[in-house]
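Student: Just need the structure, nothing else, for what follows:
(2 chains)
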Amino acid sequence: MTARDEILARIRTANRTANRTGAAGTGQTAAAAGAPDAAAVDAAYQALPRDYLRAHHDPAEHDIVALFADRAADYRAVVERVPAPEVPAAIACALSPRAHPSPSTSPPTSDISRFVVPRGFPSDWLTEVSADIELASDEPPLSAAELDATAGVITGCAVAIAETGTIILDHGPGQGRRALTLVPDFHLVVVRADQVAADLADAFARLDPSRPHTLISGPSATSDIELIRVEGVHGPRTLHILLAG
Amino acid sequence: MNGSMPTYLGMPAFPAAAKAAVADSQLRRNLTHATGTIRAKRAGAVAELDDWERLRQAAKAIKDHTLANLDAYLLRLEENVIKGGGQVHWAQDAAQANAIVAGLVRAAPADRVVKVKSMVTQEIGLNDALESGGIVATETDLAELIVQLGHDLPSHILVPAIHKNRSEIREIFRREMPDAPAGLTDDPAELAAAARRHLRHEFLHASVGISGANFAIADTGSLVVVESEGNGRMCVTLPRTLISVVGVEKVLPSWRDLEVFLALLPRSSTAERMNPYTSIWSGVTPGDGPEQFHLVLVDNGRTASLADQTGRQALRCIRCSACLNVCPVYERAGGHAYGSPYPGPIGAIISPQLRGLSSPVDSSLPFASTLCGACYEVCPVAINIPEALVHLRAKVKHNFSERTVFHLSGQVLESPRRLAAAQRLASLSRRFVGRSGRIRRLPPPLRGWTETRDAPAPPAESFRAWWQRTRESGTRERGTR
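Tutor: From the prediction side, this is the model:
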């Protein structure tokens, strides 16, 4: 018997034992010794109680886009809400102080005028970026060390969650592969108002589970020293959100 | 069959270890400060959701259903991970799991790995197993790094270095981190920045990453890693090979179940609406992340717990550590006293379940609780921890004096006459009272009783005797004392 067969057999024996004593809980499908009955398992799953709220702030009664802005800012993301036509100017404004720091700040460790832009990011959002800022492409893919040497990355997102102030990347067009939004120290992300879901249930229903996903709530942080939250560990230390519309 | 999990070397039973820990005033200050902070914050984060109890009951129902059909869901998970381009390995115990992981690292080929904090890899002693195979494992979670650099042991599920305060952490960094900046202060932000610099090179050059998973989704083959710092994202994204070691109880039926568990876990563990980073992936994605993905499913005693009708509820645990933070025993004794990677109330169940009740430390753990029930109240998957502890207590083989005392006390309590005689006898035991005013050590044959408990000194006169003397003998004096 393989380890796999052994473990599966032990699970079946254990569940039969517990089921006889009435402890197996909701939805036990008293499977025979052999393979489980998938249809019966699914039916039991569908019957599970789910009387929790689909959204803790009903979009019919609340401005969930404003809620998203508040909640993201609460976790120390920089949040700016701008009308859609002003996105190009807002992007230019967000990059400029990073590419042209005041002389008093310490010398930079990365190429401060080089920002990565993934394929699929709307080019008409980049029309106002200052000419001395280099917008680098990830094709061919940059090495981790090259990414580490850039000043930041500019992306869109797939979905955002108002209740928790979270953005979700599915790493599709305009978002880049996962390393792009991880290694650089600055992440500028454009969130369209129509991408904001009220809560977790709506957000997960909008996603394609076959894609890789990253949920981001504020900049990288840790609570490992005296359980006090400190921003800025391994991920981008600055998360700048442009909320469009 | 029980699993195997290393008992910390030379670990005494809980009462002895706790006694030493309670005497360490620095440790008590650190723990009181940290657990007090998180308790208040958790209460706030939970109070924000009106339907917390309904979310909790849904989570309990989903987990119970999954456990009741665990074979079906594991097979479904396996099928979908393979469909996504991953490979699935099954390990019955720690030795099998460690051998599988070491073999995969060698085949990569690599002699260094970066690790995301994972309870199951601590449980199976993976780092030691890799080291004896010539493979260096670097822990990348800040608290795990503090523990690893300090040659220390973890003492909390979420924050393994909770027993260290900021200035102690600064000392460890100064001593053990070769690239620690010269003027490093104990400001937590500076300490975090030092860890960032220290690990960056390691992340950018690692070829193998090892992770656990908070959840594994059967119907999509997705793995979910919930974290804060970004070290998890580094480990699951940058290396060419990713190995995820996951206990069989981590499986959830469906993608939509994340709407329940991602509402419960961050609020229960770090008291946040959402943790900074959650990575979700299914198999491999060409051009994005690792080229090879291996899922190692670990039993290591879990199927034995599943057969226990009361104990199986501990398999619902999502390792949030809320029960540790509210426990009066944990707050005073600290995590090391539990002699296991799983400390606190849930650890007092999981450790004996996984290792059995034969060692002194494991047979003492079910008693490391006042049964106050605070842990049950905060548990996001409604594990009735006091019930499971009492259930385990009944399984502990009591020593001779305990069995004798239990037997005799049954007989004594049946008869008022015997009770009065016993109380007179108890008053005589005052001669064993130490300077503390408590009975700490009785002579044989009752020594076994005081091995795990002390008792306040019995009064010189019992209430019944006093009543009889003052009220029934006609003296009728008014109590002036």
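
Student: what about whichever residue of the stretch 101-250 of chain B sits closest to chain A, distance to residue B:432?
Tutor: Nearest residue of the stretch 101-250 of chain B to chain A, counting by Cβ to the nearest Cβ: residue B:230, 2.7 Å away. Just so you know, the C-beta spots here come from the backbone N, C-alpha and C atoms, and that holds for glycine as well. Distance from residue B:230 to residue B:432, counting by Cβ to Cβ, to the nearest Å: 58 Å.

Student: Which residue ranges of chain A form strands?
Tutor: A:78-82, A:111-116, A:134-136, A:150-155, A:159-161, A:166-169, A:186-192, A:196-197, A:213-216, A:221-222, A:230-231, A:238-244 (DSSP state E).

Student: What of the stretch 51-200 of chain B?
Tutor: Ranges of strands in the stretch 51-200 of chain B, per DSSP state E, counting those that start in this stretch, are B:87-91, B:112-115, B:136-139.

Student: and the residue of the stretch 51-200 of chain B found nearest chain A, how many neighbours does it have?
Tutor: Chain A sits closest to residue B:64 of the stretch 51-200 of chain B, with a gap of 3.2 Å, by Cβ to the nearest Cβ. Residue B:64 has 23 neighbours, counted by other Cβ atoms under 10 Å in any protein chain shown.

Student: Got the domain ranges for chain A?
Tutor: Using automatic domain parsing, the domain parsing of chain A gives A:3-46, A:64-244.

Student: What average pLDDT does the longest one get?
Tutor: Along domain A:64-244, the predicted local confidence has a mean pLDDT of 94.

Student: one step back: return the most buried member of the domains of chain A.
Tutor: Ranked by mean neighbour count under mean count of other Cβ atoms under 10 Å in any protein chain shown, these are led by domain A:64-244, which reaches a mean of 19.

Student: Next, the distance between the ends of that one.
Tutor: Domain A:64-244 has an end-to-end distance of 14 Å (Cα to Cα, to the nearest Å).

Student: Spatially central residue for the chain, please.
Tutor: In the absence of a named chain, chain A is used. In chain A, the residue lying closest to the centroid (Cα atoms, centre = their mean) is residue A:215, at 2.2 Å.

Student: if you could check chain B rather than the one you did, that'd help
Tutor: Note: chain B centre (Cα atoms, centre = their mean) maps to residue B:342, 2.7 Å.

Student: thinking again about what came up before, present the strands of the stretch 51-200 of chain B as TSV; the columns should include mean neighbour count, distance to chain A and mean pLDDT.
Tutor: Below are the strands of the stretch 51-200 of chain B laid out as TSV (neighbours: other Cβ atoms under 10 Å in any protein chain shown; distance: least, Cβ to the nearest Cβ, whole Å; pLDDT from 0 to 100):
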stretch	mean neighbour count	distance to chain A	mean pLDDT
strand B:87-91	20	4	98
strand B:112-115	23	11	97
strand B:136-139	19	12	96
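
Student: possible to save the ones you listed as CSV with distance to residue B:258?
Tutor: Shown next, in CSV, are the strands of the stretch 51-200 of chain B (distance: least, Cβ to Cβ, whole Å):
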stretch, distance to residue B:258
strand B:87-91, 21
strand B:112-115, 24
strand B:136-139, 27
